[in-house]
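> Here you go, sequence then predicted model.
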Protein chains: 2
Amino acid sequence: MSKKAIVLFSGGLDSTTVLFQALKEGYTVHALTIQYGQLHFKEIDSAKRIAGDLGVPHEVVHLSLPWKGSSLVDSELKLPKNRSANEMETGIPSTYVPARNTLFLSYALSWAEASQADSVWIGANAIDYSGYPDCRPDFLAAMENVYCLGTKLGREGNPIKIKAPLVEKTKSDIVKLALSLKVPLEQTWSCYQGDDQPCEKCDSCQLRAKGFQEAGEKDPILSC
Amino acid sequence: MSKKAIVLFSGGLDSTTVLFQALKEGYTVHALTIQYGQLHFKEIDSAKRIAGDLGVPHEVVHLSLPWKGSSLVDSELKLPKNRSANEMETGIPSTYVPARNTLFLSYALSWAEASQADSVWIGANAIDYSGYPDCRPDFLAAMENVYCLGTKLGREGNPIKIKAPLVEKTKSDIVKLALSLKVPLEQTWSCYQGDDQPCEKCDSCQLRAKGFQEAGEKDPILSC
């Protein structure tokens, strides 16, 4: 089988770092961005620009979920702001999208099997994160078991693997890795909102800021 | 939690029987049909008619898969015909859609969690079937583990269950069950093709015919 990777690619800090890591390891990379009803398109615009600059084949798939259930996709729900590290560790916030990573990893599996890729890469992180259940190592292992049992390739003894190289890293380590891989950090978009500048208050902005601060680096996306 | 079920509902013999079984068991049922690029819409028309007659809330979700990899969604690939029972038992045919049931069960999980349902029902069968890897009990168990670990409800101790009441039944037993539940068999559509009458040659037609024959019943969908 070819050394081919499907990378789940949102255009944010984590998934862009994963994409660069897969390229560094010599994989032929196909990037998959999933539009699942987010309230803005800035992330997806970032993903398109970065994939285009790299010349990486890129698919944007639109998930039509008739149901809501998350403040990331429902403008009537409020985005949580300025949550403390302790709050992030102990509660699953309203930004959690039901079964999001299960759906993402299912789409990626389908493309991986249809295109004979040997792995799916995801930027999930369970250290500096919002407490989402579907970012944790036990969930990823359960999904990898589905990859094995639910596919023709898996049943034939060639299961597609899930690679989550950031899952046990701190955000500061991710920033350092991104810099070493020459990730164009100024082009990545992490904020849950789609304004001109990151809001600096949502979980995603706060985790990103913590990473840059602890790494002793300046985030190039922030104006001075 | 309410006794509420999401039923994956294609409009075929198996999933219609499952839908009637869930209703019989007293569940509030929401039916979910997934259009994944099949070459015809007869199945979906059947699903809409049956759900409408029952007054069951029904969502039809369109999966946009830019990749192919199956003769069910790619008109350039030939549908296998007149396969023997032995061939069905030993090989995974070209009608296998990469990760189809993984995707279906992921969508159903998302809706189940967003709507606080306690179970997802699927008409998977691993006795009289085409050998698909994602119809077997070990796959369904792996997916149920994902349901448990990948959701907020599961992490809080209320995992959504997968119910597959037909998985160990013969097709003949399914036909008998359907008749006992008064399933409108003449409205169900199983054929992989979308002609006026079932082709009677594809795996799905052949398995259905075997079921009716072994049950000693006549399939009302076939003209005399």
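Right, received. Where do you want to start?

> measure stretch A:54-63 end to end?
End-to-end distance of stretch A:54-63 (CA to CA, to the nearest Å): 25 Å.

> Stretch A:186-198 too?
Counting by CA to CA, the terminal residues of stretch A:186-198 are separated by 12 Å.

> hmm, what's the outermost residue in chain A?
residue A:156 (29.3 Å; CA atoms, centre = their mean).

> and that residue, how far is that from residue B:42?
Distance, residue A:156 to residue B:42, by CB to CB, to the nearest Å: 32 Å. The C-beta positions use only the backbone N, C-alpha and C, and glycine is treated the same way.

> Stretch A:196-207 and chain B, are they touching?
No. Interface with chain B: stretch A:196-207 contributes nothing (CB under 8 Å from any CB of the partner chain), its closest point being 15.2 Å away.

> how far is that stretch from where the chain is centred?
16 Å (CA atoms, centre = their mean, to the nearest Å).

> Pull out the buried residues from that stretch.
In terms of neighbour count (16 or more other CB atoms under 10 Å in any protein chain shown), stretch A:196-207 has its buried residues at A:198, A:201-207.

> just the residues you listed now: which is nearest chain B?
Comparing those against chain B with CB to the nearest CB places residue A:203 closest, at 15.2 Å.

> if we look at the lowest-mean-pLDDT helix or strand in chain A, which residues are touching it?
Within chain A, confidence by mean pLDDT, DSSP states H and E is lowest for helix A:85-90 among all helices and strands, at a mean of 72. Residues lying outside helix A:85-90 but in contact with it, judged by CB atoms under 8 Å, 6 or more residues apart in numbering or on different chains, are A:129-131, A:203, A:207, A:210.

> How much space separates residue A:171 from residue A:204?
11 Å.

> top strand in chain A by residue count?
For chain A, the strand with the greatest residue count under DSSP state E is strand A:28-35.

> Which neighbours in the sheet does it have, and how are they oriented?
strand A:4-8 (parallel), strand A:58-62 (parallel) (DSSP bridges).

> buried sites along the least confident helix or strand of chain A?
Here helix A:85-90 shows residue A:88 as buried, counting by 16+ other CB under 10 Å.

> Show me how far it is from its chain's centre.
Averaged C-alpha coordinates place helix A:85-90 at 20 Å from its chain's average position (CA atoms, centre = their mean).

> residues making contact with stretch A:149-156?
Contacts of stretch A:149-156 (CB under 8 Å, 6+ apart): A:109, A:113, A:116, A:147-148, A:159-160, B:92, B:96, B:98-99, B:101-102, B:133-134, B:136, B:138-139, B:142-143.

> Now the buried members of those residues.
A:109, A:113, A:147-148, A:159-160, B:96, B:98-99, B:101-102, B:133-134, B:136, B:139, B:142-143.

> Among the residues you listed, name the ones in helices.
A:109, A:113, A:147-148, B:101-102, B:139, B:142-143 (DSSP state H).

> picking that back up, turn the contacts of helix A:85-90 into CSV, columns for pLDDT.
Below are these laid out as CSV (pLDDT from 0 to 100):
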residue, pLDDT
A:129, 84
A:130, 82
A:131, 85
A:203, 86
A:207, 91
A:210, 93
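
> State the pair within those that is farthest apart.
A:131 and A:210 (14.7 Å; CB to CB).

> quick one: the helices in chain A?
Going by DSSP H, chain A shows helices at A:13-24, A:42-54, A:85-90, A:100-114, A:137-149, A:152-155, A:171-180, A:203-215.

> among those helices, which gets the worst mean confidence?
Here the helices of chain A differ in mean pLDDT, and the lowest is helix A:85-90 at a mean of 72.

> List the contacts of stretch A:64-77.
A:36-39, A:78-80, A:93-98, A:100, A:192, B:59, B:61-62, B:107, B:110-111, B:113-115.

> With stretch A:216-224 instead?
A:175-176, A:179, A:185-186, A:188-189, A:197-198, A:200, A:208-209, A:212.

> let's go with 10 Å and repeat that
A:13, A:46, A:172, A:175-176, A:178-179, A:184-191, A:196-198, A:200, A:205, A:208-209, A:211-213 (CB atoms under 10 Å, 6 or more residues apart in numbering or on different chains).

> Weed out the non-buried ones from those residues.
A:13, A:46, A:172, A:175-176, A:178, A:185, A:187-191, A:198, A:205, A:208-209, A:211-212.

> what residues are shared contacts of residue A:171 and residue A:204?
A:13-14, A:129.
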